[in-house]
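*Asks:* Just a sequence and a predicted model for now, questions to come.
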Amino acid sequence: MNNPQPPIFKTASETAASAPLPGPSFRQLPLSPAALANLQQLGYHQMTPIQAASLPLMLAGHDLIAQAKTGSGKTAAFALTLLTKLNVRRFAVQALVLCPTRELADQVSQEIRRLARSEDNIKLITLCGGAMMRPQISSLEHGAHIVVGTPGRIIDHLERASLKLDAVNTLVLDEADRMLDMGFFEDIALVAGACPKDRQTLLFSATYPEGIARLSRQFLRQPQEVKLLEQHQGNKIRQRFYEVQEDQRLSAVGLLLNHYRPVSTLAFCNTKQQCRDLLAVLRSQGFHALALHGDLEQKERDQVLVQFANRSCSVLVATDVAARGLDIAQLEAVINVDITPDPEIHVHRIGRTGRVDQEGWAFSLASAKQMRRVAEIERAQGRAVEWHSLGELQAAGDLPVKPLVPPMLTLQILGGRREKIRAGDVLGALTGDAGFGKAQVGKIAVTEFSTYVAVERSIAREALKKLSAGTVKGRRVKVHLLQGRR
Ligand code: ADP
Ligand code: MG
């Protein structure tokens, strides 16, 4: 993230308004030299706007409500705050982060781990539903400094007394709007009630629905507010609207993909059924598409996200709920398969593309009946939308088009954090004995039981063979090719 655009600031506190812009350095914060060096190593050379606005307040001990769009660096903001306060020699849970879903809890855990690298022996446990209780209980018995989890599972542990929160000094409500959407208000109340009253509470949200004020009144003490209002740099996101008949809607997605040929596209549907239908249409047209919806098993969800993030899948089809908060870099295009009734959601959807120094496309398919919704979007963004016709795409579609193929393929290695496999081990195995170039290897994601490595499509079979025949970390491993047919 170099050179973030200056945002529009609207802060309830005068203090935050003095945050320097743009690209202020982390050095002006009271962080340890080791923490600063680690930030440099991670490539975090300057604070993002929300970090610049919120970190001084949080490090000074204030409760905080922070609102900023997805991908703006909110996780590191609260992670640095809770890590700064942590006493490693005290074997008790000192920080608790509540997240709406397991994926988000995993992402947050990963980011905290990265930021905690400069300190030895910080123990973090992720506690989410869908995983077995027993291993979680035994991990907790060994002690943890930080717990990240979903409200339901945290309550399960509180009820069994396998988790104690009486030493918590930082409580974070991440994606608070989403937790409210999911009906977690009572659960949050229960968890907050189990934390000491004199804790610091930090609330993060992408939007500001009425429930947030209620949460804040009940659980925050004289909170400072930092809001970075949406300002999508119009020049970075090129938005185009297409008018469609209802029966053209799904096939229009393929036309857009063949015409613009984005490597990674997030296609938003308004309903789960529409997701399923679109997935079927795209696959029948030969696209490498995956869907993210509530009916997937956890492992399948992980695999879908990994393959999309590492460029092994061209299109991810999702509902707003399924896609919220996910941190996916390098998204060339967003397609609004349907127009959402809520203009704020539209702004969030298209904000997924064209991040930082990349350009992105945002396409929207609107039927005649949806023109009122489009008008609301125009009002919300303060300018008229740009209309194009499907005919322009079909003209190009008449030529024989090469199928859109993702550049990478994903190999799944059976063995992950449990086996102490690290990304470097896998990269080493591929570039060492197997003889591949570093540039042919993409993202490596280590989960608890599996490691997923993206390799260039052209070397995938050979890489599979060589990894299966060789060793990772001195051990033989089982490897599969993920075919993305989910
Ligand atoms: P949010 O929670 O606001 O949606 P995230 O915390 O997931 O956003 O951050 C989005 C991405 O930006 C992450 O990949 C993170 O590693 C990266 N990031 C965060 N802060 C910085 C920074 N100061 N410089 C560079 N990258 C950053
Ligand atoms: Mg977040």
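*Replies:* That came through, no problem. Numbers count the residues shown, from 1 in each chain. Ligands and ions are numbered 1, 2, ... in the order given.

*Asks:* going forward, measure contacts and count neighbours with C-alpha atoms only.
*Replies:* Noted.

*Asks:* mind checking the SS state of Ile65?
*Replies:* Three-state assignment for Ile65 (DSSP: H, G, I helix; E, B strand; the rest coil): strand.

*Asks:* Hmm, Val374 is touching Ile339, no?
*Replies:* Yes: the criterion here is Cα atoms under 8 Å, and Val374 meets it with Ile339 at 7.4 Å.

*Asks:* okay, and the common contacts of the two?
*Replies:* Ala366 (Cα atoms under 8 Å, 6 or more residues apart in numbering).

*Asks:* So what touches stretch 460-471?
*Replies:* Counting by Cα under 8 Å, 6+ apart, 409-411, 429-430, 433-434, 455, 476-481 sit against stretch 460-471.

*Asks:* Give me the buried subset of these.
*Replies:* Buried by 16 or more other Cα atoms under 10 Å: 409-411, 429-430, 434, 455, 479-481, out of those.

*Asks:* Sort out for me which of those are in strands.
*Replies:* 409-411, 455, 479-481 (DSSP state E).

*Asks:* Going by neighbour count, list what's buried in stretch 435-455.
*Replies:* Buried residues in stretch 435-455 (16+ other Cα under 10 Å): 436, 440-447, 450-455.

*Asks:* Quick check: end-to-end length of that stretch?
*Replies:* 13 Å (Cα to Cα, to the nearest Å).

*Asks:* Look up phi and psi at Tyr242.
*Replies:* phi -120, psi 130 (degrees, to the nearest 10).

*Asks:* Can you report phi and psi for the nearest residue to Lys69 once chain neighbours are set aside?
*Replies:* With sequence-adjacent residues excluded and distances taken as Cα to Cα, 6 or more residues apart in numbering, Lys69 is closest to Ala206, at 5.0 Å. The phi and psi values for Ala206, taken as degrees, to the nearest 10, are phi -90, psi -30.

*Asks:* Isn't Ala206 up against Glu175?
*Replies:* Yes: using Cα under 8 Å, Ala206 makes contact with Glu175 at a distance of 6.7 Å.

*Asks:* interface residues of this protein facing ligand 1?
*Replies:* Residues of the chain found near ligand 1 (Cα under 6 Å from any ligand atom) are 1, 43-48, 69-76, 325, 327.

*Asks:* okay, the contacts of stretch 460-471 in a markdown table with pLDDT next?
*Replies:* What follows is the contacts of stretch 460-471, written out as a markdown table (pLDDT from 0 to 100):
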| residue | pLDDT |
| --- | --- |
| Leu409 | 96 |
| Thr410 | 97 |
| Leu411 | 97 |
| Ala429 | 92 |
| Leu430 | 94 |
| Asp433 | 80 |
| Ala434 | 84 |
| Val455 | 96 |
| Arg476 | 92 |
| Val477 | 92 |
| Lys478 | 95 |
| Val479 | 96 |
| His480 | 94 |
| Leu481 | 94 |
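
*Asks:* Among these, which pair sits farthest apart?
*Replies:* With Cα to Cα as the measure, no two of the contacts of stretch 460-471 lie farther apart than Leu409 and Arg476, at 21.3 Å.

*Asks:* residues in contact with the residue nearest to Lys69?
*Replies:* 67-70, 175, 177.

*Asks:* From Tyr44, how far out is it?
*Replies:* 22 Å.

*Asks:* and if you look at Ala362?
*Replies:* Relative to Tyr44, and taking Cα to Cα, Ala362 is found at 28 Å.

*Asks:* mean confidence for stretch 388-395?
*Replies:* The average pLDDT within stretch 388-395 is 81.

*Asks:* Would you mind listing the buried residues in it?
*Replies:* 390, 393.

*Asks:* follow-up on the earlier one: now intersect the residues of the chain next to ligand 1 with the helices, please.
*Replies:* 74-76 (DSSP state H).

*Asks:* Tell me the most packed of the residues you listed, by neighbour count.
*Replies:* Lys74 (25 neighbours; other Cα atoms under 10 Å).
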